[in-house]
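>>> fold the following for me, if possible:
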Amino acid sequence: MQLPNRNKAYIPPSKLAGYLLSETHAVGRSKARFFRAGGFDETNVALLEQDLLSIARTGAVVEVDQSSYGTKYVVDGSFETPNGALAEVRTIWIVEAEDARPRFVTAYPALPT
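So this is what the prediction gives:
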């Protein structure tokens, strides 16, 4: 199964610089350590966005969870970081009842299988 409407997936700008790359965000700072270690920072946020959207558009859904907010989809994938390392990443997307476009929720290192 692939992410529904995967070609319409989007990432709110605040989720990147203000969350995934924020070294001071209460929840995001641990994720920032991972992404910054790979060479992502404020100068290449667009590259991180492209990599995450690529996972949404090409990756297989590995888990689906219904909630009162909508349907959450877990999509795993990988990409090459600016430092040349391979990042294995788990991404979470939500499709809300009032908007069929998958919205990015979060990303973090995928557990090895």
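>>> where in the chain is pLDDT low?
112-113 (pLDDT under 70).
>>> all strands for it, in order.
All strands of the chain, identified by DSSP state E, fall at 61-67, 70-80, 86-96, 99-109.
>>> what's the closest of the ones you listed to Lys15?
strand 99-109 (5.6 Å; C-beta to C-beta). The C-beta positions use only the backbone N, C-alpha and C, and glycine is treated the same way.
>>> enumerate every residue touching Ser68.
With C-beta atoms under 8 Å, 6 or more residues apart in numbering as the criterion, no residue contacts Ser68.
>>> that one and Ala97: what is the separation?
Using C-beta to C-beta, to the nearest Å, Ser68 is found at 9 Å from Ala97.
>>> repeat that for Thr91.
21 Å.
>>> try Phe35
30 Å.
>>> residues in contact with the residue lying closest to Phe104 once chain neighbours are set aside?
Nearest in space to Phe104, with sequence neighbours left out and distances taken as C-beta to C-beta, 6 or more residues apart in numbering, is Ile11 at 4.0 Å. Ile11 makes contacts with Glu49, Leu52, Leu53, Arg103, Phe104, as judged by C-beta under 8 Å, 6+ apart.
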